[in-house]
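K.L.:
Mind looking at a prediction? Sequence and model below.
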Amino acid sequence: MRIASFNINNVNKRLANLLSWLEAERPDVVCLQELKCAQDAFPIEAIKGAGYGAVWRGQSSWNGVAILALGAEPVLTRRRLPGDLADDQARYIEAAVNGVLVASLYLPNGNPQPGPKFAYKLAWFDRLIAHAGELAQAGVPTVLAGDYNVVPTEADIYPGHREQTNALLQPEVRAAYQRLLEDGWTDALRTLQPEGPLWTFWSYLRHRWPNDKGMRLDHFLLSPALTPRLVGGGVGREVRGEAGASDHAPVWIELESVARRRPSTREASPLYGNSEARARRRSRGAKPARR
């Protein structure tokens, strides 16, 4: 079972990019963030035409999250993160797919900090931690996937950066992420590759992509019940280099259908890209991304 997460950064503007990627990769489940479209503007017919059922929560011009399932309809369980009925931002959706509970989340950015946006980010994180704790305690096999807007450690951002005041790197945010790990959730991609760059985001500004000055913002956290099934994962880095691309690359993990020994990091690598997908792209004349 392959589960992917992709901050598409405007699903209608980048629909051609999304459909091309779906055709090449065919993940079983896809979590999307930053749809940036109203509920009734989500391109459901195009998604169905690609072979996917979907549940989504849109928001005009901002936010928006979705879950797609290949050849199936996700069973919607939540359309919002519990804990604050007044919060109407479209940042969380949850559905059951093939025996796994999957959440697509888009955690608040929090800039500028300090200020109300940063306070909202921390409050949202507290709500996520509380809900995740209930899921883990219940033994539900769960994937919390998406754009966390958190750079967990200094190893997750390009060397020599000047982002010390960025909300994504603040000690309170990193501590909140660490609380999830201490509660038993597994950072899937870092488990597979304990060291080295795992960038998933390159800003459009200041030549960040051509200079490979990236950050790791997109994460999969696995509940204790699901962690033993992790057998692989990666970053679709080449997608970031395509024309009209999102500033995020898609990320993915592979789960065995039954619990078994997790392979070593060497067995599960390489994490950047998918060689079969790259070969298919080359056969259609696409150029491989810069590495």
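P.N.:
Sure thing, it's come through.

K.L.:
Give me the distance between the two termini of stretch 235-250.
P.N.:
6 Å (C-alpha to C-alpha, to the nearest Å).

K.L.:
That stretch: how far from the chain's middle?
P.N.:
Stretch 235-250 has its average C-alpha position 13 Å from the chain's average C-alpha position, going by C-alpha atoms, centre = their mean, to the nearest Å.

K.L.:
Would you map the helices across the stretch 151-291 of the chain?
P.N.:
For the stretch 151-291 of the chain, the helices defined by DSSP state H, counting those that start in this stretch cover 171-182, 188-192, 237-240, 265-268, 275-283.

K.L.:
in the longest one, what counts as buried?
P.N.:
Counting neighbours by 16 or more other C-beta atoms under 10 Å, one finds that the buried residues in helix 171-182 are 173-174, 176-177, 179-180. Backbone N, C-alpha and C define where each C-beta goes, glycine included.

K.L.:
which one of those residues sits closest to A136?
P.N.:
Among the buried residues of helix 171-182, L180 lies closest to A136 (C-beta to C-beta), at 9.5 Å.

K.L.:
which residues does that closest one contact?
P.N.:
Residues near L180 by C-beta atoms under 8 Å, 6 or more residues apart in numbering: 128-129, 132, 144, 221.

K.L.:
For the helix ranked longest in the chain, buried residues please.
P.N.:
Longest helix of the chain, by residue count under DSSP state H: helix 116-137. Residues of helix 116-137 classed as buried: 118, 120-122, 124-125, 127-129, 131-132, 135-136 (neighbour count, 16+ other C-beta under 10 Å).

K.L.:
what does stretch 140-158 give?
P.N.:
Within stretch 140-158, the residues that count as buried by 16+ other C-beta under 10 Å are 141-152, 156-157.

K.L.:
ok, the closest residue to F125 other than its chain neighbours to L22 distance?
P.N.:
The shortest distance from F125 to any non-neighbouring residue, by C-beta to C-beta, 6 or more residues apart in numbering, is to A176 (4.1 Å). To L22, A176 is 32 Å away according to C-beta to C-beta, to the nearest Å.

K.L.:
repeat for L217
P.N.:
22 Å.
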